[in-house]
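Undergrad: The following comprises the amino acid sequence and a computationally predicted model.
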Amino acid sequence: MNTSNAYIASTLLILSLSISTTEASVAPFQPYQASLFATNTAIPNATNTSLTRYPSYGNQEKYNSGYAFYVDNDLLVPGSDDRDYTGGLALTLSGKRASEYWFSLDTALSTTETLLGLDTVSRGPGRRQLHSIEFGATAFTPGDVESSDANQNDRPYASLFYLSNTRHHINHNTKTAVTTTLTVGAIGLSVAGSIYNGIHSTIGSDKGEGWSHQISNGGELTARFGSSRQQVIASNYSAGSSYEIKTLAQGSIGYLTELSYGVTGRWGRINTPWWTFNPANAKYTEKSSTVTPFKRTNDLFVFGGFSSHVRGYNAFLQGQWKSSDVSYDRNELNTIIHEAWAGVTVGIDSKTNISYFVRGQTSEIKQGNGDRNPIWGGVVFNYSI
């Protein structure tokens, strides 16, 4: 077992033990007390599923259901080095408002769904649609950030600033959910190096001296469309201990072009719906998630999972149309990438929960100094309204 997988496995074991030892101190389970939708029409015949523990559902999505803030950084894992996927920040706003902002991409996303025949997935009994919008930034660095030279034997500097809109199509009757995301942004902006060095100067870490050699230096527009389908394959919900296991198949085209399949699960005191929990959807900083107004006080669970990707294109390594000082050809990169994660979620109050996770993946680069298995950590703050 390589270092990243061993660390993830040990972290999951430790977190599982912490759930067992602290379970008695957690407040007794309470039924959900918040409404997801503005109206209050119940779904009939919801027996023998987790829906019996959820609030009534209506036809109109709440205008503002909450927000989430994500921080990813390799420094959040003890003993890690500042390299590869070095970090990212993202803010997600959920609710109908995500489709109504003047800068929203929801109309373009809707058009894309129609062209691909996905516009019918929210129609019919027991089906609902939710929206979210996300703003974020992602950064990648080579192993040696103190050198100002272009290192042809390591991964290049790379960055992304993006805006994305996501639609969550939920089928309560079949316990499936289809998620579509449209992202637009810019790679190679010079401000990425300024922000990176500003943060590292503040925390006393080494500055990146080679940002002038980043992919598409000077800036270049980019985009990605992704679609995924998650399916609950096993679950049990009770006051003391619950669990969920889901599969997820997904594909994307754009600056990351790939097909993926994964399995994810969580165990403990679960007080949020299965379709709000989708760590397998993450693409580095991009989480493509949604925040829902459910009572979260009793959330205390561990989670983990793995996925495999058949990757055809990665702009953060291969570049786009602009010439880059350091880049890789497709045949220099691995086509099959494996990924695994583990973490814990804790409910702070009726509106807030916090998650910590560790994530790792196999090397994207076949040989050279860039042939490493990166690992990073993340913290997620969810606040529902």
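TA: Yep, that arrived.
Undergrad: Can you report how many residues neighbour the closest residue to residue 242 other than its chain neighbours?
TA: Spatial nearest neighbour of residue 242, excluding adjacent residues (CB to CB, 6 or more residues apart in numbering): residue 270 at 4.2 Å. No exception for glycine: its C-beta is placed from N, CA and C like everyone else's. Using other CB atoms under 10 Å, residue 270 has 26 neighbouring residues.
Undergrad: Next up, the contacts around residue 270.
TA: 237, 242, 243, 244, 299, 301 (CB atoms under 8 Å, 6 or more residues apart in numbering).
Undergrad: same deal with residue 159?
TA: 137, 138, 139, 140, 187, 188, 189, 192, 193, 196, 214, 215.
Undergrad: hmm, try it at 10 Å
TA: 86, 88, 137-141, 185-193, 195-196, 211, 214-217, 219, 316 (CB atoms under 10 Å, 6 or more residues apart in numbering).
Undergrad: Residue 140 too?
TA: By CB under 10 Å, 6+ apart, residue 140 lies in contact with 83-88, 155-160, 192, 214-215, 284, 316-317, 374.
Undergrad: Tell me both backbone torsions, phi and psi, for it.
TA: Per-residue torsions, residue 140: phi -130, psi 140 (degrees, to the nearest 10).
Undergrad: Report the beta-bridge partner residues of it.
TA: In this entry, residue 140 is beta-bridged to residue 85, residue 158, by DSSP bridges.
Undergrad: where's it relative to residue 288, distance?
TA: 19 Å (CB to CB, to the nearest Å).
Undergrad: For the stretch 51-200 of the chain, just list every one of the strands.
TA: 66-73, 84-94, 127-141, 158-171, 176-187 (DSSP state E, counting those that start in this stretch).
Undergrad: With distance to residue 227 and mean pLDDT as new columns, can those be given to me in JSON lines?
TA: Shown next, in JSON lines, are these (distance: least, CB to CB, whole Å; pLDDT from 0 to 100):
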{"stretch": "strand 66-73", "distance to residue 227": "21", "mean pLDDT": "90"}
{"stretch": "strand 84-94", "distance to residue 227": "18", "mean pLDDT": "89"}
{"stretch": "strand 127-141", "distance to residue 227": "14", "mean pLDDT": "91"}
{"stretch": "strand 158-171", "distance to residue 227": "10", "mean pLDDT": "94"}
{"stretch": "strand 176-187", "distance to residue 227": "5", "mean pLDDT": "95"}
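Undergrad: can you give me phi and psi for the nearest residue in space to residue 330 that is not next to it in sequence?
TA: The shortest distance from residue 330 to any non-neighbouring residue, by CB to CB, 6+ apart, is to residue 318 (6.7 Å). Taking degrees, to the nearest 10, you get phi -100, psi -20 for the backbone angles of residue 318.
Undergrad: and if you look at the one 3 residues further on?
TA: Phi and psi for residue 321, reported as degrees, to the nearest 10, are phi -80, psi -40.
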